[in-house]
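Novice: heads up, no residue letters with this:
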Ligand SMILES: NC(=O)c1ccc[n+]([C@@H]2O[C@H](COP(=O)([O-])OP(=O)(O)OC[C@H]3O[C@@H](n4cnc5c(N)ncnc54)[C@H](O)[C@@H]3O)[C@@H](O)[C@H]2O)c1
Ligand SMILES: C[N+](C)(C)CC=O
């Protein structure tokens, strides 16, 4: 069984209380690791180390090229330990190891991308409107950054914070979800191997209350970056007000997947599955809110049901497995509550809606792929993020109704639609109120393009140039080469 600690000021340490937490594999509930379990005092210690490293250390003074070399080194180490990272991620989350391998490819790309951006440390020269003066805008690191990540994509979400923050010259204190820390521990080991100076990369482990909340509240933290649920995001906003620290929020989604009658039927059907059933639907951008134009609705639903019935549940390390378990008993109960609610609200349960009966799955947190039809936009199953293998289907007549329904939500993370009409593509792309809009595709993301949400799905963007700027302050330096007294107040 793995035994892992926190990493503070360049040293692996136990929690100050000596407490630990057992980490389990959601496929069979077996223990896979014991990790240090911190509290607010451990976060204070890590924040102090990051503060010292930023205020008096060499890291922020390095050139972008020098910092870029450190990020390139981490990327090389990720590629070296790619399979180990994928195995750890699947042990920790239950997702199939093939999905974890994809995640690791993307994570390596994120470090490669920000290594290159660090090298292009950009500023702007302004053509000053005032004679005999100069005007430049420089980007400087924000400072000490708290970085809190969720359990569904542990290393991917941590890397979307870690890489740009380090590229910008910040120092960081990372807190993964208390139930899926293993790959964030591993990448911290890689950062140590890459030779980051003490205090630049720090890792604290433990629950949101205490360990996480201290990062959000501390006056010695300059920016808090959080990925998680909307309700927790609201707590972060409140806590961050202590010193008006910068806030970056990546929150929940309820993502319309809209199929028009002129879509390529088989492709749209294939992607209705892909949009939801990877990682058992535990995806912020899952297309669980399926909307189908009335003229093809019944055929589409019938074909979708046939495909859903064939999904193979099992161990993420078994090549035949297509969908693993949910992350925990608690989360499965949440899904079950939503299914019960949907039935009470009048939705029609077409498939699933229960746990599997296979004896080999009884020790894991499995739930059957589930399909509801007859859903309306006022139902909670439509308005709230259920975050599991549950598809709800709404029927619509025409583009105007599709747009009205899709935008009638407090969420704004992502949306996708399927059509072959170029004019409709232009109209829908512009009018959908979501941070990412996929046209004839779903759930595509990469280092070069910004990711984030409208409305309650978040604040700011990760990835892309925007993701780096999130960790920078802008400073305007104005110089007068010919200053003369103006004598406004007399001489
Ligand atoms: N927008 C995105 O890019 C994105 C990506 C992945 C997941 N998510 C969202 O994350 C959620 C699932 O993740 P989760 O269940 O881990 O979310 P969560 O909000 O329960 O927890 C997220 C993280 O916050 C910590 N935390 C909890 N309470 C805290 C507090 N009061 N102060 C500071 N930290 C606290 C947790 O320990 C964890 O590390 C879903 O809503 C999903 O949509 C969003
Ligand atoms: C990986 N991502 C951000 C697209 C979905 C996370 O839940």
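Specialist: Arrived safely. Just so we're clear, the structure is a prediction, and the values are computed from it rather than from any experiment. Ligands and ions are numbered 1, 2, ... in the order given.
Novice: CA only for contacts and neighbour counts going forward, please
Specialist: Noted.
Novice: Show me which residues of the stretch 201-350 of the chain sit near ligand 1.
Specialist: 207-209, 212-213, 227-229, 232, 235-236, 250-253, 284 (C-alpha under 6 Å from any ligand atom).
Novice: same thing but at 8 Å, please
Specialist: Counting by C-alpha under 8 Å from any ligand atom, the stretch 201-350 of the chain comes close to ligand 1 at 206-216, 226-233, 235-236, 239, 249-253, 282-285.
Novice: Please flag which of the residues you listed sit within strands.
Specialist: 226-227, 249-250 (DSSP state E).
Novice: looking at these, which has the most residues close by?
Specialist: residue 226 (28 neighbours; other C-alpha atoms under 10 Å).
Novice: In the stretch 51-200 of the chain, where is pLDDT below threshold?
Specialist: 121 (pLDDT under 70).
Novice: out of the residues of the stretch 201-350 of the chain next to ligand 1, which touch ligand 2?
Specialist: Near ligand 2, judged by C-alpha under 8 Å from any ligand atom, the entries from these are 282-285.
Novice: Tell me where the stretch 251-400 of the chain has helices.
Specialist: 265-277, 294-309, 329-344, 380-383, 398-407 (DSSP state H, counting those that start in this stretch).
Novice: can I get the ones you listed in TSV with mean neighbour count?
Specialist: Below are these laid out as TSV (neighbours: other C-alpha atoms under 10 Å):
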stretch	mean neighbour count
helix 265-277	19
helix 294-309	15
helix 329-344	16
helix 380-383	20
helix 398-407	17
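Novice: export those helices to CSV and tack on mean pLDDT and distance to residue 486?
Specialist: Listed next are the helices of the stretch 251-400 of the chain as CSV, based on pLDDT from 0 to 100; distance: least, C-alpha to C-alpha, whole Å:
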stretch, mean pLDDT, distance to residue 486
helix 265-277, 98, 65
helix 294-309, 98, 73
helix 329-344, 98, 68
helix 380-383, 97, 62
helix 398-407, 98, 56
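Novice: Output those in JSON lines; the columns should cover distance to residue 86.
Specialist: Formatted as JSON lines, the helices of the stretch 251-400 of the chain follow (distance: least, C-alpha to C-alpha, whole Å):
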{"stretch": "helix 265-277", "distance to residue 86": "19"}
{"stretch": "helix 294-309", "distance to residue 86": "26"}
{"stretch": "helix 329-344", "distance to residue 86": "23"}
{"stretch": "helix 380-383", "distance to residue 86": "32"}
{"stretch": "helix 398-407", "distance to residue 86": "35"}
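Novice: re earlier: now the residues of the stretch 201-350 of the chain next to ligand 1: which count as buried?
Specialist: Using 16 or more other C-alpha atoms under 10 Å as the burial test, these include 206-208, 210-216, 226-230, 233, 236, 239, 249-253, 282-285 as buried.
Novice: what's the biggest helix by length in the chain packed up against?
Specialist: The longest helix of the chain (DSSP state H) is helix 97-119. Applying 3 or more C-alpha pairs under 8 Å, 6 or more residues apart in numbering; DSSP states H and E, we find helix 97-119 packed against helix 64-80, helix 82-93, helix 154-168, helix 464-469.
Novice: what's the next secondary structure element after it?
Specialist: Per DSSP states H and E, the first helix or strand lying C-terminal to helix 97-119 is strand 124-126.
Novice: buried residues in whatever helix or strand comes next after that following strand?
Specialist: Moving toward the C-terminus from strand 124-126, the next helix or strand (DSSP H and E) is strand 133-141. Of the residues in strand 133-141, 134-135, 139-141 count as buried by neighbour count, 16+ other C-alpha under 10 Å.
Novice: Now the two most distant members of those residues.
Specialist: 134 and 141 (22.7 Å; C-alpha to C-alpha).
Novice: ok, and the closest non-adjacent residue to the residue most central in space within the chain?
Specialist: Note on the chain: the residue nearest the mean C-alpha position is residue 157, at 4.3 Å, using C-alpha atoms, centre = their mean. Excluding its sequence neighbours, the residue lying closest to residue 157 (C-alpha to C-alpha, 6 or more residues apart in numbering) is residue 149, at 6.1 Å.
Novice: Next up, the contacts around the one you found.
Specialist: 157-158, 174-177, 226-228 (C-alpha atoms under 8 Å, 6 or more residues apart in numbering).
Novice: What of residue 12?
Specialist: 5-6 are the contacts of residue 12 under C-alpha under 8 Å, 6+ apart.
Novice: Following the chain onward from the host helix or strand of it, which element is next?
Specialist: Take DSSP H and E as the rule and residue 12 turns out to sit in strand 11-13. Later in the chain than strand 11-13, the nearest helix or strand by DSSP H and E is strand 20-25.
Novice: strand partners of the strand holding residue 12, parallel vs antiparallel please.
Specialist: Strand partners for strand 11-13, identified by DSSP bridges, are recorded as strand 6-8 (antiparallel).
Novice: Tell me if the partner strand is near ligand 1.
Specialist: No: between strand 6-8 and ligand 1, judged by C-alpha under 8 Å from any ligand atom, nothing touches; the nearest distance is 14.6 Å.
Novice: Please state the offset of that strand from the chain centre?
Specialist: 23 Å (C-alpha atoms, centre = their mean, to the nearest Å).
Novice: Going forward, count from 384.
Specialist: All set: I'll call the first residue 384, so the last point we hit is now strand 389-391.
Novice: Now do the buried residues in it.
Specialist: Buried-residue list, strand 389-391, by 16+ other C-alpha under 10 Å: 389-391.
Novice: Now do the same contact list for the closest residue to residue 652 other than its chain neighbours.
Specialist: Distances taken as C-alpha to C-alpha, 6+ apart put residue 687 closest to residue 652, at 6.4 Å, once the chain neighbours are dropped. Contact analysis of residue 687 by C-alpha under 8 Å, 6+ apart lists 652, 655-656.
Novice: Equivalent analysis for residue 821, please.
Specialist: Applying C-alpha under 8 Å, 6+ apart, we find residue 821 in contact with 797-800, 827.
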